[in-house]
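> I'd like to go over a predicted model; first the sequence, then the structure.
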Amino acid sequence: MAPLTAEGFQWQKLTQTWRLGKEDRLDTVNVDASRALVKEVHNLVPFDRASFVHDIGTGSGAVVAELIDYCGSQIPSEARILATDVFPLMLDEIKERQRLRLSEGNKLWEKVEIQEMNAEEMNGIEDNLTSHLLAGYLMYALSDYKKMLSEVKRTLAPDGVFGYSVNIAYPWVTISGLISKVRPDKTAPYPPALWHTAESNTKVMEESGFKDVKATEVDLHVSYDSHEGMVDYLMDVLPFMPMLLEGLTEEETGEYRDLMIEQLKKESPSLPGKMVGKGLIVTGRK
Ligand SMILES: C[S@@+](CC[C@H](N)C(=O)[O-])C[C@H]1O[C@@H](n2cnc3c(N)ncnc32)[C@H](O)[C@@H]1O
């Protein structure tokens with residue numbers, strides 16, 4: 001099974017979903033998971049005690065946006081907020097979000113520093129410095145998560161808090177697996193089992209030496225008003241769809257679409273329809 005971040009995935013459409021906010025169906029998931037991440041981290045070490053908040057793998061800045069909306073006013077004025085990502089194209093998205101929020105008068109965004117950085121080698125960040133480290137949906141994107149966790153440990157201040165999110169059930173991705181009914185040679189990607197349960201995530205954190213580890217499930221909803229419309233949307237925005245659809249005949253593509261529509265109708269016969277997934281927010285202290 002291909003990792004969810006395999007090369008050739010086309011992230012651009014999904015990355016830009018924030019531009020429409022919750023009006024874009026899959027943005028609801030990012031907003032809900034990011035908000036839950038910020039809240040859980042805040043519960044462990046409140047942001048009014050922050051000296052340096054670092055969001056790694058920031059992408060379009062979904063986590064930073066929730067941080068600012070929910071806890072921004074509590075963050076001390078001298079504290080730093082740093083958002084980093086290894087891909088410059090992703091940083092263009094958070095830069096655009098910052099530009100828009102500033103133009104709307106949200107001055108807290110002035111505090112957000114944006115830098116290119118590999119979370120597996122946080123060069124330039126001193127040891128024992130960061131009070132709050134956040135990683136939204138980054139785990140499956142890494143080539144070596146242990147390297148990242150060791151960098152998290154190195155850069156966190158004593159008693160600093162680390163929190164990350166993963167999805168443990170996401171029907172909007174699982175449904176794409178129907179491809180193998182049409183073309184048995186193709187499989188839809190899914191994240192490695194390591195990230196699928198509260199137990200395995202807790203073990204990863206404890207084995208890396210974090211204390212007070214907590215894994216909290218969060219419900220994630222995607223709603224839609226037409227079964228056909230939802231399937232067409234997923235076929236358009238899921239980053240690995242171009243790879244799955246490559247080489248399919250028109251007939252096979254139609255058959256795949258019909259199978260997904262049939263499945264959605266089974267799961268949610270009435271409209272508006274709902275896909276219910278589950279995220280996991282994992283937090284721990286150094
Ligand atoms: C699925 S996105 C999540 C974005 C955002 N944090 C959120 O919660 O919506 C994963 C992000 O991790 C970034 N990424 C992948 N590998 C990385 C690495 N080694 N260091 C830093 N960022 C990385 C990708 O560029 C992408 O923006």
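Structure received.
> So which bits of the stretch 101-250 of the chain are right by the ligand?
Proximity of the stretch 101-250 of the chain to the ligand (CB under 6 Å from any ligand atom) is limited to residues 118, 119, 120, 136, 137, 138, 141, 142. The C-beta positions use only the backbone N, C-alpha and C, and glycine is treated the same way.
> Give the bridge partners for the first one, please.
Taking DSSP bridges, one obtains residue 121 as the residues bridged to residue 118.
> Name the residues that touch the lowest-mean-pLDDT helix or strand in the chain?
Between all helices and strands in the chain, the lowest mean by mean pLDDT, DSSP states H and E belongs to helix 12-15, at a mean of 78. Residues from elsewhere that reach helix 12-15 (CB atoms under 8 Å, 6 or more residues apart in numbering): 26, 59, 60, 89, 90, 93, 236, 237, 238, 239.
> one more time with 6 Å, if that's ok
60, 93, 237, 239 (CB atoms under 6 Å, 6 or more residues apart in numbering).
> From what I see, residue 84 and residue 115 are in contact.
Yes. At 5.0 Å, residue 84 counts as touching residue 115 under the criterion of CB atoms under 6 Å.
> higher neighbour count, these two?
A direct count of neighbours by other CB atoms under 10 Å for residue 84 and residue 115 places residue 84 higher, at 22 against 13.
> I'd like the C-alpha coordinates of the helix or strand where that one lies written as PDB, please.
Using DSSP states H and E, residue 84 maps to strand 80-85. C-alpha atoms of strand 80-85 as PDB (Å, rounded to 0.1, in the frame of the first residue of the first chain):
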ATOM      1  CA  ARG A  80       7.300  33.900  19.400                       C
ATOM      2  CA  ILE A  81       5.000  32.000  17.000                       C
ATOM      3  CA  LEU A  82       7.000  30.200  14.300                       C
ATOM      4  CA  ALA A  83       5.400  28.200  11.400                       C
ATOM      5  CA  THR A  84       7.700  25.900   9.400                       C
ATOM      6  CA  ASP A  85       7.400  23.500   6.500                       C
END
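> State the mean pLDDT of the next helix or strand after the least confident helix or strand of the chain.
Counting by DSSP H and E, the next helix or strand C-terminal to helix 12-15 is helix 27-44. The pLDDT scores in helix 27-44 average 93.
> Quick one: distance of helix 27-44 to the chain centre.
Relative to the mean C-alpha coordinate of its chain, helix 27-44 is positioned 10 Å out (CA atoms, centre = their mean, to the nearest Å).
> buried set for that helix?
27-42, 44 (16 or more other CB atoms under 10 Å).
> And stretch 147-163, by the same measure?
Of all the residues in stretch 147-163, those buried under the rule 16+ other CB under 10 Å are 148, 149, 151, 152, 153, 155, 156, 157, 160, 161, 162, 163.
> Quick one: check the strand holding residue 84 for contact with the ligand.
Yes. Strand 80-85 reaches the ligand (CB under 6 Å from any ligand atom) through residue 85.
> Contacts for the following helix or strand past that strand next, please.
Downstream of strand 80-85, the first helix or strand assigned by DSSP H and E is helix 88-103. Contact partners of helix 88-103, identified using CB under 6 Å, 6+ apart, comprise 15, 58, 59, 60, 61, 83, 85, 109, 112, 114, 116.
> picking that back up, mean confidence score for the strand holding residue 84?
On average, strand 80-85 scores 97.
> Which strands or helices does that strand pack on?
strand 52-56, strand 112-116 (3 or more CB pairs under 6 Å, 6 or more residues apart in numbering; DSSP states H and E).
> Tell me, how many residues neighbour the closest residue to residue 143 other than its chain neighbours?
Nearest non-adjacent residue to residue 143, counting by CB to CB, 6 or more residues apart in numbering: residue 120, 7.2 Å away. Counted with other CB under 10 Å, residues neighbouring residue 120 total 17.
> Out of the helices and strands packed on strand 80-85, which is the most enclosed?
Here the criterion is mean neighbour count by mean count of other CB atoms under 10 Å, and of these the winner is strand 52-56, at a mean of 26.
> hmm, back to that, just the buried residues of the least confident helix or strand of the chain, please?
Across helix 12-15, burial judged by 16+ other CB under 10 Å covers 14, 15.
> what's the answer for stretch 254-262, then?
255, 256, 257, 259, 260, 261.
> which stretches of this protein form strands?
In the chain, the strands defined using DSSP state E lie at 52-56, 80-85, 112-116, 130-136, 156-169, 211-224, 273-285.
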